[in-house]
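*Asks:* Provide a 3D model corresponding to the input given below.
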Amino acid sequence: MSSTFAPHPCGILVVDDDARLAATLQELLAGEGYSVEVAHSAAEALAIQERNPGIALALVDLIMPVTDGLALLNELHRRDPDLAVVVMTGYGTIETAVEAIKRGAEDYLTKPMDSHALRKKVARLLEVFELRERVQQLEANLDRAPSFETILSVSPLMLHAIEQAKTVAATDASVLLVGETGTGKELMARAIHASSPRAGRSFLPVNCGAIPRELVESELFGVRRGAYTGAYENVPGIFVAAAGGTVFLDEIGEMPKEAQVKLLRVLQERELRPVGSVRPVSVDVRIVAASNRPLAALREEHLRPDLYFRIATVVIELPPLRARPEDVLVLAHAFLGRISRRTHRQITLTRSAEDLLVHSSFPGNVRELENALESAVALSRDDPHVITEKDLGSLVRQSEAAPLPGRFREQPLSLEALERAAIEQALRLCQGNRTRASSLLGISRDTLHRKLRLYHQEG
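*Replies:* Numbers count the residues shown, from 1 in each chain. I've put the predicted structure just below:
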């Protein structure tokens, strides 16, 4: 994402009637950089929650006098359904912990607690909190006019493409967007237009492969009355209609060669001649083109060489979704948020469903991911509020044969490995600057520090 994300401070609430254990947990978690509050009863916990809306995670002991952990869990969630709760229990009450999971707890910890396991669970859950906050911000951006802020991404590869597009948007240079179907070429083109000096004028998209061959020239360059049978009136054509604005030529490689000659004149001379006219017409438009064909094939087989070099003043390659796996869950949660608002019910993904999505190849890219989630919501029968691995199983394709980034080809792909790789790549792109890297990744600087400490301990 191009905008800097600043998550809410992640507060943690520790609830345990054992004052010594509560103090130990507070010291341990505060040492990790978290803001920690302690309560020794359910009543005290609810009072803290009421005065501190920044609480993102509660660690709740199951066995407490007066009001037990299960009752407290219910009340905490009644007040804040998004609050993550981890229950703490002795070995003799595992069944109660399982019941707590059924009631909405995220996880449980057994006493005595392993400090390393505790740190990992807390870090994971607060990452989910930050992701949810980030998705809400991204969804809010979607309600605005198309811009770079509407492109959902935390991937360094995609962010690099966005930065290229932002740089060229302020100029009047022609742009060629190259990427597989479903990677967001039109969205990027609209963002370039919206950030350009031409933003107040028309943006007209044209799919060059969808216009009948015999009508391409009249559609693009216009036609004069009487030029051929059926031409009963003057038609201005796309380039004249977009005066002062931007024309987006999607799938430009499908444009007939004879029309390419006329397009070259538009680019070189800023004029065209409508079909049936002997007089040239001046035009003032910017051209953004796109193709799902490989750049070499486009240059050597589908475009005239002189047109290619005019149209490809700036070439921006949009990576496929399999090359930006860190974006899969950001996009999935954003799409589900949109579906939830449309269907008036809150819809979430199980952990196994998230794992399945991250391990899927998505040859149709972002469009295929969105369609899979739409279908899963429509076809889900068990729980209309939860999408499971079973709901998605027949809708997505596993990525065994997909060309993943090199370091993942010889080993299993896990969420932690993807996260670690994304952080390493961001640090390389930012030459080790952690503040810039955390902004690039869309996480707080404190979170980046915790992640790096955690990787150092594991390595």
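*Asks:* residue ranges with poor pLDDT in the stretch 1-150 of the chain?
*Replies:* Within the stretch 1-150 of the chain, the segments meeting pLDDT under 70 span 1-10, 91-94, 131-146.
*Asks:* any chance you could map the helices in it?
*Replies:* Listed in chain order, the helices of the stretch 1-150 of the chain (DSSP state H, counting those that start in this stretch) span residues 19-30, 42-51, 69-79, 94-102, 115-142.
*Asks:* to residue 156, which of those helices lies closest?
*Replies:* With CB to CB, the closest approach to residue 156 among those belongs to helix 115-142: 15.8 Å. (Each C-beta comes from the backbone N, C-alpha and C, glycine too.)
*Asks:* what is the burial count for residue 309?
*Replies:* If you count neighbours by other CB atoms under 10 Å, residue 309 ends up with 13.
*Asks:* about what we covered before: as CSV, the helices of the stretch 1-150 of the chain with distance to residue 13 and mean neighbour count would be great.
*Replies:* Listed next are those as CSV, based on distance: least, CB to CB, whole Å; neighbours: other CB atoms under 10 Å:
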stretch, distance to residue 13, mean neighbour count
helix 19-30, 10, 15
helix 42-51, 6, 16
helix 69-79, 9, 18
helix 94-102, 16, 15
helix 115-142, 12, 17
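*Asks:* with distance to residue 273 as extra columns, can I get these in a markdown table?
*Replies:* A markdown table is the format used below for the helices of the stretch 1-150 of the chain (distance: least, CB to CB, whole Å):
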| stretch | distance to residue 273 |
| --- | --- |
| helix 19-30 | 73 |
| helix 42-51 | 72 |
| helix 69-79 | 69 |
| helix 94-102 | 72 |
| helix 115-142 | 41 |
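*Asks:* report the contact partners of residue 61.
*Replies:* Residue 61 sits next to 15-18, 69, 87-89 when contact means CB atoms under 8 Å, 6 or more residues apart in numbering.
*Asks:* wait, a helix at residue 370?
*Replies:* Yes. Counting by DSSP: H, G, I helix; E, B strand; the rest coil, residue 370 falls inside a helix.
*Asks:* quick check: which element contains the closest residue to it other than its chain neighbours?
*Replies:* Using CB to CB, 6 or more residues apart in numbering and skipping the chain neighbours, the partner closest in space to residue 370 is residue 335 (5.0 Å). Applying DSSP states H and E as the criterion places residue 335 in helix 328-343.
*Asks:* in the stretch 251-400 of the chain, which spans are helices?
*Replies:* Using DSSP H, counting those that start in this stretch, the helices found in the stretch 251-400 of the chain span residues 257-269, 295-297, 305-311, 328-343, 351-358, 365-379, 389-392.
*Asks:* quick one: the fourth one to helix 351-358, angle?
*Replies:* For helix 328-343 against helix 351-358, the angle by axes from the mean of the first three to the mean of the last three CA atoms, to 10 degrees is 120 degrees.
*Asks:* can you dump the C-alpha atoms of helix 328-343 in CSV for me?
*Replies:* The C-alpha trace of helix 328-343 is given here as CSV (Å, rounded to 0.1, in the frame of the first residue of the first chain):
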residue,chain,number,x,y,z
VAL,A,328,-3.3,-12.8,-0.2
LEU,A,329,-4.7,-12.4,3.3
VAL,A,330,-4.8,-8.6,3.1
LEU,A,331,-6.9,-8.9,-0.1
ALA,A,332,-9.0,-11.8,1.3
HIS,A,333,-10.0,-9.9,4.4
ALA,A,334,-10.7,-6.7,2.4
PHE,A,335,-13.0,-8.6,0.0
LEU,A,336,-14.8,-10.4,2.8
GLY,A,337,-15.3,-7.0,4.5
ARG,A,338,-16.9,-5.7,1.4
ILE,A,339,-19.1,-8.9,1.1
SER,A,340,-20.0,-8.6,4.8
ARG,A,341,-21.3,-5.1,4.3
ARG,A,342,-23.3,-6.1,1.2
THR,A,343,-24.9,-9.1,2.8
